[in-house]
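*Asks:* After the sequence you'll find the predicted model.
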Amino acid sequence: MTTHYLVLSALLFAIGGVGVLVRRNAIVVFMCVELMLNACNLAFVTFARQNGNLDGQVIAFFVMIVAAAEVVIGLAIIVTIFRTRRSASVDDASLLKY
Amino acid sequence: MNGTIQAPTIEYALLAPMLVVFGAAIAGVLVEAFAPRYLRSAIHLPLTLLSLAGAFALTVWQAVKGVPTKPAAMGAVAVDGPALFIWGAILVLAFVSVMLINDEDHFVAAAAAVPGSAEEEQALYEGAAHTEIYPLVLFAVGGMLLFPASNDLLVAFVALEVMSLPLYLLCGLARRRRLLSQEAAVKYFLLGAFSSAFFLYGTALLYGYAGSIDLAQINKALGAVGGQDTLLYIGAAMLGVGLLFKIGAAPFQAWKPDVYQGSPTPITALMASGTLVAAFGALLRVFWVGLGGLDWNWRPVLYAVAILTMVVGAVLAITQTDIKRMLAYSSIAHGGFLLVGVIATGTSAAQNTSALSGILFYLVAYGVTTVGAFAVVTMVRDAGGEAWHLSRWAGLGKRSPLLAGVFAFFLLAFAGIPLTSGFFGKYAVFQAAVTGGALPLVIVGVVASAVAAFFYVRVIVLMFFSDPAADGPTVVLPSRGTAAVVAFAALATVVLGVYPQPMLDLAHSAAHSLFVR
Amino acid sequence: MPWLSTLMGVSVLGALGVTLVRNDKLAKQFTLVVSLIVLALTVAMAVQFSPNGDKFQFAETYDWIPAFGVHYGVAVDGIALVLILLSVILVPIVVLASWHDAEKGKRSVRTYFSLLLVLEAMMIGVFAATDVFLFYVFFEAMLIPMYFMIGSYGGAQRSYAAVKFLLYSLFGGLLMLVAVIALYSIAGKGTFMFSDLVGTVQDVTTQKWLFLGFFIAFAIKAPLWPFHTWLPDAAAQAPAGAAVLLVGVLDKVGTYGMLRFCLELFPDAAKFFTPLVITLSVIGIVYGAIVAIGQTDMKRLIAYTSVSHFGFIAMGVFAMTTDAGAGATLYMVNHGFSTGALFLIAGFLIHRRGSQFISDYGGVQKVAPILAGTFLVAGLSSLSLPGLSTFVSEFMVLTGTYQRYVVPSVIAATGVILAAIYILWMYQRTMNGPTAESVKSLPDLNAREKWVVAPLIALLLVFGFYPKPLLDVIHPAVKDTLSSVSVTDPGAAVPVAKEGQ
Amino acid sequence: MEPAEFIQHSGGAIGVAWLMIAFPLVGAAILLLGGRRTDRFGHLVGVVMAVASFVVAALAFVQLLGFQPGERRRLIPLYDFIPGMAKVGLLVDPLSISFCLLITFVGSLIHVYSIGYMAHDPNRRRFFAYLNLFVAAMLLLVLADNYVALFVGWEGVGLASYLLIGFWQHKPSAATAAKKAFIVNRVGDFGLLIGIFTIFATFHSLAFAQVFPAAHGASQGTLTAIGLLLLVGACGKSAQLPLQSWLLDAMEGPTPVSALIHAATMVTAGVYLIVRSGAVFQGAETAQLVVTIVGVATLLAGAIIGTAKDDIKKALAGSTMSQIGYMVLAAGIGPAGYAFAIAHLITHGFFKADLFLGAGSVMHGMNDEVDMRKYGGLRKVMPITFVTFLIGYLAIIGFPLLSGYFTKDGIIETAMEHNAVLGWLAVIGAGVTGFYMSRLVFMTFFGAKRWEATAHPHESPAVMTWPLIILSLGAIGLGAFLIVGNRFMTFLAPAVGAPEELPTFNPFSLTGLVTLALVAAGAAFAWFRYGAAEVPAVAPRGSFLTTFARRDLYGDALNEALFMRPGQWLTRLAVFFDNRGVDGLVNGLAAGIGGSSGRLRRIQTGFVRSYALSIFVGAALLAGAWLVVGNL
């Protein structure tokens, strides 16, 4: 019964992962990471249901908090570099290489 | 249950070192909020150093008083021998890194100002400074302390984020070459977040497998639960991705050179020493405690990762022309050597102890030397800031023999020449691995060491055997802090290289009881 | 009295002292005095050595790193003693010879001499170590001062040569490290003391692998064919003094290691690999000599002669007869003096003219007869002319080897002919014939240089006619080594009447 | 008659026999270390030391004669040279003392002669130092009581020879000749060394006193091997085929050197070695046969070379080769030949030294001209030289009653008895000797003057002529003294043994008469060609045979084609292989790692998405690996 949720979670995680790989805009990339975190949340909640304890649900809350903190930091960084480069494309930031 | 929630028991005394650091960090935030601008710096530095020193003292006190044999805080945090040792190491390394950070010349005047803009000019003119750096560092250090001590995966995840988030910011705060610094921050942030998502997903799968995120519980479940092996394997792999990313093991090493190069050098020093120590602590705990019963499974995988890491680190470093990038690759290679130790577990407790104490010793030795090396890098300056390009280091031995000599000594320690700390570190790890039956890995390890020696030696060639460029870089007169860092690192490298016994004893007694379960 | 520690201590303190002296000239004199003190102390120690006493004498053993079972253990047997003597004799000579060498490149003179004394301490340590780990530590650590001496004070290609030298040796050393670790864990004694490790590895296959780990390191160090190519580069680029210590002493650690560690620790493997090692040695002897003939650079030529000579030494070690073993040990000492003299005198010559190429010389004998004469004597010692000490050792090695391996020793003996060709041809091209325009005003040896050369030639002559003092010390040690490998010398086919009958 | 037992000895002149070696050694040391300070009196030191050595030798000889023949092998132990291998001592017996007397006596004379000959050379002191060094080494060679010490002396004389051939080292030809002599000798030494190894491996001893009595116990094969190897050594030192080529070039050295080293003493060391090792050779017939063949081949080759040379010293050198060939032939025959070999060696030492010094005297008077085609008619201006030279000449061709007549005839007779083929070839050799020596004398002292315009020939000073006179006296009488009544054979018997039946000297044997006839024919032919007829100033092209002889029987060409060119080619190949092959492998490996590093670092593109990809792929791989391992 919970398998469907798990498959959905895996799909979301994969979509997020692939999104990170294919999208250029830093904000979108970052959103894809958030999608992956939410996929994890879905998995946690599902497993909580499956295992019959509340740990998974509690964890989901923790993850949300952490994700929020990440957003704060992430946006700050992305905005700074956007101001400098006038571009939010992650491909433009490639001075450091080899 | 019955609607009554029992208050958790928290061993505050055991957690005191972390609490001190976190408390000081919060206090630092308050200072930012309320203290006048001109006072902030004067308050932050003593606050930061004192808190670190205090935390260290508490750690020592803890260790002297007796190492607890049970996890603390309802099983969430394990303050055991290895954790205490790692705490001590992280606190010392953080302390010396802060002394480097104190040299505010390294950090941007106004992070929000666009590089080269009038606002930046203005900020520079006013002598503005981001004193938030200190609380950020303290938060990061707090995370580093928690990460290796976390006894369940959720705490580990939170600790990972607490450690990483401030570092993402700090990476982008370099005063010069700001484009590079910001790029490093973005890269570090995106990849870090990406990898922590893997870590989290792995946590979720293991939770699904074992019904708990407690490491001991997971381990217990390894034998008991049947039919869900795929969940377990993929979960463990995802967890591994997150951890291996932090230590920069191949193929998750790509961020390291870019981030190390772009970050302000003192922050690089902190990352290369503190983060690495913390990440290895966590890796050991997760793999040995949480997945200890699965070692027949993860050992071959880590075997391959270790080989790849050593080879990639050593080979790619050869052609680097940027000193910080080169040190980054060197750090990757050293991560590989340390992984050799992780694999060197065995059936006997003595074997595990010797492997663990070897790794602990190696971490201290490498951490101290690497901080010293980056401290030297901060002192060799060009018109545009630090002289990163190796060609600029030509003939440094003639201009500034003492500094070049010390740096050469650090490099020899990295290369693992006897009578330096690096040698005994490598020896301890390799010895454990040979005893543990990983002889082929050790052979790859020594071959990689030989290759790695080449680029260390190349820098020495440049510094001592080449003639200096006409407009070569100048060596700035070090601030007292920087000088102290270099001196401390050099001294430690010598002492650990000539008389390593006390530190080995310490590592051994820390490792003796192994990780609590 | 802790003799060996004192020797090392004096050298190290001397090295520190030199860096503190402000004046370059004073620093040189100070170094010379220190090295002479070390020499005097070593001689004082050597006369107290009783050849038929304990195997290891003047032993000092302290725990160094109990966690790893590592000791600071030093002591000498006959083999180590003569090699330490070689080292401490060469150092003051090299100091005197290098008086102006470090001044050329505007490099720090004090550093050079300080490195020299550090190296001296390590040379003593590496031969005296009775703890395998301590030996390894010295084995690797002594690369560093030499690396700086070549790299900072050498010729045009110095950094290439220095890096090649360091990496090649380091590579071998690291392989040895693996073997050292494995030895420790297989022996399971929890100690690195040599005497405790002897005989602990019984399994022959294990022995073979460990043997290879040690042997490759030593073969690179020695250097044995085909691991030799770093030597000509290093020796040609190093300042003459450093080249002397490099070829004269450092490389001996390789052959010393074979004798001490490869044979005693892994006797069965040593026997198994003997055909291979003998083959490599013989190839090295002939090949080194032939390549030496074709060299155009004096220092490279001398380096290749050493490749040939090291073949003799390795062959003697692995022939496993008392005569060959003692001969090989004696060879190590004599070769130090002989090559030392060659390098130093060639160095004097090169210093005068500023070129290492043989073709830039000619007819020097006419303008600088003493230089030419001493060069000839050194050269003759290189071709093992009887009457010079090198003959005794080469003769012993060949005779000893012949008793077991006829064909290899016969092929090796062709080295005698080839040696004559490379030495005399070089001598002819540089010293004989019409005096070349560029060397017309070459000064002869000055007093300092004569003092450098005289002791070497005196030693070559004295031990050429009276090697007994050295052999009396070496013989019991070699016999002891061979008995622990459990080999006995082949007997005579035809018994002869004993003396006095 | 078997050789006598070895007896430990102390006391008397024999007890201090080491002084014989020590005197000249000290002389050499003084002269070499003293440097220019000793320039003024250096030559006197040299002479005194040589004479002192002779005095000791003479006293030792007298003391030796005082013992019964059976007690004349005296061992004087000195010290432990190589513990476990060789104790060094001296062996004074009839054989060694004969050599000592020859070496010190002729050596002293040549020292004296050299005072005059080298008077104008700025490096005369050094010359005397080397001469002294030579004498010391040569005495060590013959006095040594074991093979190691013998080898020390053996190489010592080689060194002295090298130094003296190259004495005028500023001449490239001299330097090259010196080097060649040393290297070719080393080839011989190589054989000798292997021989010594074999001896040691067989007997575990190198002392004559232990090896010889036990020699019969060794297998035939071993003894043959030892014998042949020692022969290789002897061939090198004594310029026997196929290691003869250095001797002719060695004439680049000053003439006294040619007389002492390359005629009278050093080159006969090979003969000494063979005779000394008689105990070994007598157990190895094959080896003995080879020795005799080598001897005969060389005596003919040397004689043929002698016929074609216009350079007076080279003609004499060819003659030396040839005469040593006789000695080797005799030495190969065994106890029956030993006495004749050594006797011929001694008389040859006198008359050949006489001839060489005479030649030197001629050159001294002719501005160091060596081409005989520019001599002629010198008998009038150099009467003493002429007379002494003539005596030497008559002695060497075997003019009845002179020294060579007795000793060479002895060899031929013995050879004839041993093996007729060898004997007849030796006879032919004697005939050729008659021709080339006569040619030499006629071209030099007779006929028309063909001097260069600048030449003002004159007689040499007394310091040079007196040695000539003394040597020529030896050339006259020594042969008869030694051979008649088998005096020398009896004397030597305790050292080398003697045939049971002593030979009787028959002046009218068939062989002797034929030999005389052939010699006379050769001399007559020479007279017609060079005495009576005009000698062209430039050598005519001559037939193929003449060219063959002039080019030293193509010995050098052969060496060049067989060894030198392939050797040079091999050297170049080896150097190339070392640089490109062995070192190339090492550097290639390093370059390979560097190159792969250069390519691999391109993977680090700088694009964060590619890094993410690597993490993604890495994660997939990790999970895959985990699954694979887990399901194994």
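*Replies:* Yep, it's here.
*Asks:* rest of the way, CA atoms for contacts and neighbours
*Replies:* Will do.
*Asks:* So which residues on the stretch 301-450 of chain B come close to chain C?
*Replies:* B:398, B:417-419, B:430-431, B:434-435, B:442-443, B:446-447, B:449-450 (C-alpha under 8 Å from any C-alpha of the partner chain).
*Asks:* quick check, nearest of those residues to residue B:327?
*Replies:* Nearest to residue B:327, judged by C-alpha to C-alpha, of those is residue B:449 at 14.2 Å.
*Asks:* In contact with that closest one: list those residues for me.
*Replies:* Contacts for residue B:449 (C-alpha atoms under 8 Å, 6 or more residues apart in numbering or on different chains) come out as B:314, B:415-416, C:174.
*Asks:* Verify the assumption that it is located in a strand.
*Replies:* No - if the criterion is DSSP: H, G, I helix; E, B strand; the rest coil, then residue B:449 is helix and not within a strand.
*Asks:* For it, give me the pLDDT.
*Replies:* Note for residue B:449: predicted pLDDT of 92.
*Asks:* so how far is residue C:60 from it?
*Replies:* For residue B:449, the distance to residue C:60 (C-alpha to C-alpha, to the nearest Å) stands at 33 Å.
*Asks:* Kindly report the same for residue A:75.
*Replies:* For residue A:75 relative to residue C:60 (C-alpha to C-alpha), the value is 66 Å.
*Asks:* ok, these two, which is more surrounded?
*Replies:* Remark: of residue A:75 and residue C:60, residue C:60 carries more neighbours, 18 against 15, as counted by other C-alpha atoms under 10 Å in any protein chain shown.
*Asks:* in the sheet, who's paired with the more buried one?
*Replies:* With DSSP bridges as the criterion, residue C:60 is bridged to residue C:74.
*Asks:* ok, how many other residues are close to whichever residue of chain A sits closest to chain D?
*Replies:* Nearest residue of chain A to chain D: residue A:97, at 4.1 Å (C-alpha to the nearest C-alpha). Neighbourhood size, residue A:97 [other C-alpha under 10 Å]: 18.
*Asks:* for residue C:158, same thing?
*Replies:* Residue C:158: 27 surrounding residues under other C-alpha under 10 Å.
*Asks:* Then residue C:190?
*Replies:* 16.
*Asks:* Ok, residue C:217 next?
*Replies:* Residue C:217 is flanked by 26 other residues according to other C-alpha under 10 Å.
*Asks:* is it true that it touches residue C:172?
*Replies:* Yes - look at residue C:217 against residue C:172 with C-alpha atoms under 8 Å: they come within range, at 3.9 Å.
*Asks:* which residues are in contact with the helix or strand of chain B with the lowest mean pLDDT?
*Replies:* Ranked by mean pLDDT, DSSP states H and E, the weakest helix or strand in chain B is strand B:474-475, scoring a mean of 78. Applying C-alpha under 8 Å, 6+ apart, the contact partners of strand B:474-475 are B:379-382, B:400.
*Asks:* Quick check: what element follows the lengthiest helix in chain B along the chain?
*Replies:* The longest helix of chain B (DSSP state H) is helix B:178-210. Downstream of helix B:178-210, the next assigned helix or strand under DSSP states H and E is helix B:215-224.
*Asks:* So which elements touch the following helix or strand past that next one?
*Replies:* Once helix B:215-224 ends, the next helix or strand along the chain (criterion: DSSP H and E) is helix B:229-247. Helices and strands touching helix B:229-247, by 3 or more C-alpha pairs under 8 Å, 6 or more residues apart in numbering or on different chains; DSSP states H and E, are helix B:178-210, helix B:276-284, helix D:608-630.
*Asks:* Quick check, the residue in chain A closest to chain C?
*Replies:* Chain C sits closest to residue A:98 of chain A, with a gap of 24.6 Å, by C-alpha to the nearest C-alpha.
*Asks:* so that residue makes contact with residue D:599?
*Replies:* No - Residue A:98 lies out of contact with residue D:599 (C-alpha under 8 Å); the separation is 9.6 Å.
*Asks:* Who has more neighbours out of those two?
*Replies:* Neighbour totals were compared for residue A:98 and residue D:599, and residue A:98 leads with 20 against 13 (other C-alpha under 10 Å).
*Asks:* can you list the helices and strands packed on helix B:229-247 in CSV and add mean pLDDT, distance to chain C and mean neighbour count?
*Replies:* CSV is the format used below for those (pLDDT from 0 to 100; distance: least, C-alpha to the nearest C-alpha, whole Å; neighbours: other C-alpha atoms under 10 Å in any protein chain shown):
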stretch, mean pLDDT, distance to chain C, mean neighbour count
helix B:178-210, 93, 33, 27
helix B:276-284, 95, 22, 25
helix D:608-630, 92, 28, 20
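*Asks:* can you list the ones you listed in CSV and add distance to residue C:325?
*Replies:* As requested, the helices and strands packed on helix B:229-247 are exported to CSV (distance: least, C-alpha to C-alpha, whole Å):
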stretch, distance to residue C:325
helix B:178-210, 62
helix B:276-284, 51
helix D:608-630, 53
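*Asks:* And those helices: which comes nearest residue D:83?
*Replies:* Closest of the helices and strands packed on helix B:229-247 to residue D:83 is helix B:276-284, at 62.4 Å (criterion: C-alpha to C-alpha).
*Asks:* for chain A, what are the low-confidence residue spans?
*Replies:* Within chain A, the segments meeting pLDDT under 70 span A:1.
*Asks:* That one: helices as residue ranges?
*Replies:* A:3-22, A:26-51, A:55-85.
*Asks:* wait, residue D:125 sits on residue D:38?
*Replies:* Yes - assessed by C-alpha under 8 Å, residue D:125 is found in contact with residue D:38 at 7.2 Å.
*Asks:* Give me the common contacts of those two.
*Replies:* Common contact partners of residue D:125 and residue D:38 (C-alpha under 8 Å, 6+ apart): residue D:31.
*Asks:* Looking at these two, which one has more neighbours?
*Replies:* Neighbours were counted for residue D:125 and for residue D:38 using other C-alpha under 10 Å; residue D:125 has more, 28 against 17.
*Asks:* In terms of helices and strands, where is the more buried one?
*Replies:* Here residue D:125 sits within helix D:124-143, counting by DSSP H and E.
*Asks:* Could you check how far the following helix or strand past that helix is from the centre of its chain?
*Replies:* Using DSSP H and E, the helix or strand that follows helix D:124-143 towards the C-terminus is helix D:147-165. Here the centre of mass of C-alpha atoms in helix D:147-165, compared against the chain's by C-alpha atoms, centre = their mean, to the nearest Å, lies 10 Å away.
*Asks:* helices or strands up against helix D:147-165?
*Replies:* Short answer (3+ C-alpha pairs under 8 Å, 6+ apart): helix D:147-165 packs on helix D:124-143, helix D:172-203, helix D:255-259.
*Asks:* Let me have those in TSV, adding distance to residue B:204 as columns.
*Replies:* Listed next are the helices and strands packed on helix D:147-165 as TSV, based on distance: least, C-alpha to C-alpha, whole Å:
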stretch	distance to residue B:204
helix D:124-143	94
helix D:172-203	80
helix D:255-259	101
